[in-house]
Structures are given as C-alpha cells and as structure tokens.
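Q: Below is the sequence, then the predicted model.
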Amino acid sequence: MVVISVLDSDDIEQADLRGGRSPWFTRSDQPFRPALRESLKCDALVVGAGITGSLVAERLARQGLDVVIVDREWPGRGSTAASTSMLLWEIDRPLTQLTEAYGFEHAARAYHASLEAVAGLKSLVLQLGIACDMRDKDSLYLAAGNTGAELMEEHQLRQRAGLPGDFLDHVRLLETFGITRAGAIVSPGAADADPMQLARGILRAAISRGARLFEAEATQFEPAARAVSVGLQGGYEIEARSVVLATGYVMPDIVRSTVQTVSSSWAIATPPQPRNVWKDAALIWENSKDYLYARTTRAGRIIIGGEDSESDIEPAARDRLIPEKSAILARKLAALWPIANTEIEFCWAGAFDTTSDGLPLIGPVPGAKGVHAAYGYGGNGITFSYLAAQMIGDLIAGKSSLLLRDFALDRDGPSAD
C-alpha cells in the first residue's frame, strides 16, 4: 500500500480562500457538525462540505450508500461564500476554441453536459424545496472588442451543435438591452442563486437521507484493494469503499494535474436598486480572457466581478487589492450600465482556480484506487459541481461515460493563451 500525505493544504484556512465580505454572509445558520471521536467504516467518504461536497453527498446518499462527510472548518464558508453563483452552462472556453483543441464532437459533448447540469440542478432545488433565491435566467455573452465577428462564428457553431441562443448585432443589442457593444449572444437555460443557502440546503438534504457530517481533517490516504483507509488529524481513521475529494481550491498532494492554474478574482455588490437593473436581469459576461461578469440579486443588488489575476494569488496581497479592484469594478459598472448606482455595499476577493481548457477535473485519481476527484474549476464551478456529483455517483454505481475521459485529471490540455 502507498501512503499519500496531504501536505499542500495543511496551512490553508478558509480565510485564505476569500477576503472582504460578500452579501451571502448576512445569513449564518450552520448545520450541526460534531467532532469525530472514533474510527468509522462507511460506503463513501466525502472530504469537503462546501457546495461540491454537499452535492456529491446528496447524490450518493440518494443511491442508498452509507455516506460520511468530513470538513475541518465550517461548511460553505470557504470558496462557496465568495462565489457570485452565476449558474452558466456556457463554458469559459468558447465552443470554437474547444473545437480547435479537441474536435467538434468532444467540445459539443462538454457543452451539452454543462447545459444538462444547470437544468438538473434547478430541478433538484425545486424537488428538495430549497429556499436559495434560485431564478431562471438568460445569459448575455458580450463582445469585448470592436466587432461581433467572433461571437457570430461562435453562435453558428453552437447552432450546429444544437445549443440554444440567438445572436444580437449592435443595433438589436442596444434596442433590446440598452447595452452598447458590438454584439452579443443571448441564451436561455442559466440561473442564479444564493450560494450559501444553496450549499446548506443541499447539505441538509444529504443529512436527511442519512449522511453523517463531522468536523475532521483528512491527513493521509492508504488506497487498498477493497477500501481506502483515510487517516485523520488526531489519530482516528475512516475506512471507505469510495472516497471523493471535494476540497475546492485546496488541492491535496494526492491530486496532480498539469492543466490547473491558481488565480484570484474580485467582486462588488451595490445596495438594492431594483428599478435600475437591465432587461430580465440577465447574467452578463464578456468574450475576453479576464472577462467582466455581472448579475443581480432578488433584492435588486447589482453584483459585478472580474479583474482576474494569476500573479496576485497570495491571500494578503490579494486582499490588499480589494479597494483598488473595487474602484475599477465600480467604474466598469458605470460604463456597462450608466444608470446604475455604483455605491459599493459589499466588496470581496477569492481564490479562483481555472484550467487551460475551461473544463473541470472529475473522475478517478490516478494511482489511488477508490479515490475520486470532484473539482469544478473555472467560471462554471457550481454547474460543474452538480455534474461531478452525477458522474461520480454513476461511476460508483458501475456506469461509465466518455466525459470521464474528457475531464480526466491527467489529461493533456491546450496551452492557456
């Protein structure tokens, strides 16, 4: 047996994953989380109790498995609390770029899986009756340059793939949304929500199905033929037939990938201004590498984020930039939507991992039998989290999918240009 220690994440705490304060912290109800005081056996151990771990645990518990969830800190108060929770099915990498990298069939398969994931998540929230301010939304994908030619090409390829959406030229975009850009693609099927309430609602559903949540820290893994023995801080062990790593942006040493990059993102939220929001409060994002993104809340706040950086990733340095980045985002909001009140009520920053192809890392961990990874990196984090729960649930049940190859941890991705 090989003992694989988790060393990278030892000194990373939830406060390191985000700085400032987001609107989601105004609600602070927490699930009961006793400390683990004995060794256990279970069918499935989920490491991490944020949105990804909660979705995985709910799915596995629904399959009738004996599920244990461990987290060393409070559920959802790490990266989940910093999310802007724009539930897009459109992937960070345009379909045209994914097609160039992997071929049309592979690229279209990823897009359709993402589209189905948002629909599945909305259906699950409705089925479970989770109060998380989830709303169906269109997405508005804006041209960042002086021409809409790139977006027209993207739209045509999406049409070939059978994906929904319409292209708006400059005139139609201005007439319909009052936004001055060279063009845009407007697409149905997106959503937004309160990420903390969503994560906790899913976690409560998992617990109601029999999953057990404990405060504990996984420190080492011993994969064996029939089970994985997971050592915990304090000396206890959990033996599980399957282990799912849902540790968000704290990637342990057991997981190795050459396509993942750490970065930071910043966001602001205005006071409620329901009369000042754009048509249908569509989710807005830009066709650019460090794109701007914007949404509203049910109360009418405008949230705008971006200014992503791969250099300012150390927590203290990232957080020192919050005032500067907030001022930039307020100016960009004024340029995008001039009637907005750009007063800043909340401002925050967060760790934001991406992959060079915009796709998640989902599936078996190479060299560690019985251990699976669920990392929904990129701008589609929550969408990919739901997809990870479905894929890993199916995999544990003995089903396979071409997506496991597409999202493999050891894949060779395209260069991040």
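A: Happy to help now that I have it.

Q: from here on, contacts and neighbour counts on C-alpha atoms
A: Will do.

Q: and the longest helix along the chain, what other elements does it pack with?
A: The longest helix of the chain (DSSP state H) is helix 104-128. When contacts are defined as 3 or more CA pairs under 8 Å, 6 or more residues apart in numbering; DSSP states H and E, helix 104-128 sits against helix 95-102, strand 183-192, helix 381-396, helix 402-406.

Q: in stretch 177-190, what's buried?
A: Ile179, Thr180, Arg181, Ala182, Gly183, Ala184, Ile185, Val186, Ser187, Pro188, Gly189, Ala190 (16 or more other CA atoms under 10 Å).

Q: Show me where the stretch 1-150 of the chain dips below the pLDDT cut-off.
A: Applying pLDDT under 70 to the stretch 1-150 of the chain flags the ranges 1-18, 26-30, 76-78.

Q: residue ranges for the strands of it, please.
A: For the stretch 1-150 of the chain, the strands defined by DSSP state E, counting those that start in this stretch occupy 4-5, 18-21, 40-47, 67-71, 86-87, 135-143.

Q: rewinding a little: would you list the helices and strands packed on helix 104-128 in JSON lines and tack on distance to Gln220?
A: Formatted as JSON lines, the helices and strands packed on helix 104-128 follow (distance: least, CA to CA, whole Å):
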{"stretch": "helix 95-102", "distance to Gln220": "35"}
{"stretch": "strand 183-192", "distance to Gln220": "36"}
{"stretch": "helix 381-396", "distance to Gln220": "21"}
{"stretch": "helix 402-406", "distance to Gln220": "25"}
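
Q: nearest to Asp133, of these?
A: Of all these, strand 183-192 sits nearest to Asp133, with 7.7 Å by CA to CA.

Q: chain center to the helix or strand following the closest one: distance?
A: As assigned by DSSP states H and E, the chain's next helix or strand after strand 183-192 is helix 195-208. Computed by CA atoms, centre = their mean, to the nearest Å, the chain-centroid distance of helix 195-208 equals 15 Å.

Q: before we move on, what about stretch 178-186?
A: 26 Å.

Q: Show me what it is in contact with.
A: 138-148, 151, 155, 165-170, 173-174, 278, 336-337 (CA atoms under 8 Å, 6 or more residues apart in numbering).

Q: domains of this protein?
A: 4-82+196-259+357-406, 134-191+261-355 (automatic domain parsing).

Q: Going by mean pLDDT, which of the ones you listed comes out lowest?
A: Per-stretch mean pLDDT for the domains of the chain is lowest at domain 4-82+196-259+357-406 (a mean of 87).

Q: still on that earlier bit, what does the longest helix of the chain rub up against?
A: 87-91, 95, 98-99, 134, 161, 163, 189-191, 202, 205, 359, 383-384, 386-387, 403, 406.

Q: which of these are buried?
A: For these, buried by 16+ other CA under 10 Å: 87-91, 95, 98-99, 134, 161, 163, 189-191, 202, 205, 359, 383-384, 386-387, 406.

Q: For Ala269, grab phi and psi.
A: phi -130, psi 140 (degrees, to the nearest 10).

Q: Would you confirm that it contacts Asn341?
A: No. Checked against CA atoms under 8 Å, the pair Ala269 and Asn341 is beyond contact range at 10.5 Å.
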